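Undergrad: Quick one, what's the 3D model for this:
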Amino acid sequence: MKFIHLADAHLADKSSFDNDLGSIIRKKSWESFENIFNENKDVDFALVAGDLFERQYFSSKDFDRLFKIFENFGKDIYYVTGNHDYFDSYNTIFLNNKPNNLHIFTEENLSLFEKENLRVYGLSYKDRIYKNDFTYDLELDKNFFNILLAHGDISPSPTNYLDLDPARLNKIGFDYVALGHIHKAANIYSIYYPGSTEPHDFSDIYDYGYIRYDDGQISQVDSSLMKFIDLDLYPNEYDSKEDILKYVNDSLSNKINFLMINIKEESDLDMRNLKKKINADYLEIKEDYQENKSHAVNLYPNSLLSKFSKNFQGKDDEISSLAYELGLEAILRSKKWV
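TA: Residues are numbered from 1 along each chain as shown. This is a model prediction of the structure:
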């Protein structure tokens, strides 16, 4: 059995950058997404774990383009919606033109698609908030390869999204749990987040792509065309401007590079003269002499970030560590943690 698992493409997202850069990000996000399906036509099916597009900006032409990509893929595609791409009376009409190989989970409660020796269980959002509890008292037929497809958090603290307990989920015995919502790739037990297909701003500073499953072999594939780099620079640690320039350019990838340089200390460095020699496609320089966000828990004791962290005090097991890491990631991305 072979399949691909992707999530959080956020196609047609409204960028926080100006029109020209925003257009590049949207264009490359589409191109990257289409590449994934064109380059994996040898698999048996695909799993899409929500936040496929931004519903308020996704037009009828966008649906036509999306459905054409799916139709050309030619294999079954199983898709659950998340908090950014849910269907309601506003956009359900577009599903009249969906290709026959696209199988959408339309209910908030668990349902399944079955084909030969495969069962895919899934549930979808019908609003930006998911209020239902997940049903853990589920008995699986081991004669099938059982997959759970969902969009949610693995966190001990309640959220506005689908909350999942990884230990209880593991006990059910799914062969593969395909999740979306967290933009950073992660794994515990047979539970996998592929991360986003592409980064969209400087809160997305990792490698991005999708997961490929080949007869039990699971690979995280870096297929992204863009790279956002958030680089701290301490100018006084370098002997010359040439050394600084080398450090900066060596940090760049072979992709489209969006570079943020944070000057962390005062110096006599004139970055204006160096900017022309930095090989980034987009460059922003900030003077940032304060402590970075890794110390924000202590800096802001009454913040959401600090309150969230208190739930993990004294917990150093694998599940808690992963939940803490993913929770911090989600809170910092929200930009509403102070």
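
Undergrad: On the strand side of things, show who I211 bridges to.
TA: Bridge pairing for I211 (DSSP bridges) gives the partners H5, Q220.

Undergrad: count of neighbours near the nearest residue to D13 once chain neighbours are set aside?
TA: In this structure, D13 finds its nearest non-sequential neighbour in E54, 4.7 Å apart by CB to CB, 6 or more residues apart in numbering. C-betas here are computed from N, CA, C, even on glycine. If you count neighbours by other CB atoms under 10 Å, E54 ends up with 17.

Undergrad: Quick check: E54 touching K14?
TA: Yes - using CB atoms under 8 Å, E54 is in contact with K14, at 6.8 Å.

Undergrad: And the pLDDT for the residue nearest to D13?
TA: Looking at E54, its pLDDT reads 95.

Undergrad: and the gap between it and D8?
TA: 11 Å (CB to CB, to the nearest Å).

Undergrad: Check D18 too.
TA: Distance from D18 to D8, by CB to CB: 23 Å.

Undergrad: Of those two, which one has the most company?
TA: Regarding D18 and D8, a neighbour count based on other CB under 10 Å identifies D8 as having more, with 27 against 8.

Undergrad: Over to the more buried one. Which of the three states is it?
TA: coil (DSSP: H, G, I helix; E, B strand; the rest coil).

Undergrad: what mean pLDDT would you report for the helix or strand that contains K61?
TA: According to DSSP states H and E, K61 maps onto helix 60-73. Averaged over helix 60-73, pLDDT sits at 97.

Undergrad: Ok, stretch 98-117 next?
TA: pLDDT averaged over stretch 98-117 gives 96.

Undergrad: roughly how far out does that stretch sit from the chain middle?
TA: Put simply, stretch 98-117 sits 22 Å off its chain's centre (CA atoms, centre = their mean, to the nearest Å).

Undergrad: Same check on stretch 303-312?
TA: Taking mean C-alpha positions (CA atoms, centre = their mean), stretch 303-312 and its chain are 22 Å apart.

Undergrad: Now do whichever helix or strand comes after the helix holding K61 and helix 60-73, the angle between them.
TA: Sequence-wise, the next helix or strand downstream of helix 60-73 (DSSP H and E) is strand 76-80. Here strand 76-80 runs at an angle of 140 degrees relative to helix 60-73 (axes from the mean of the first three to the mean of the last three CA atoms, to 10 degrees).
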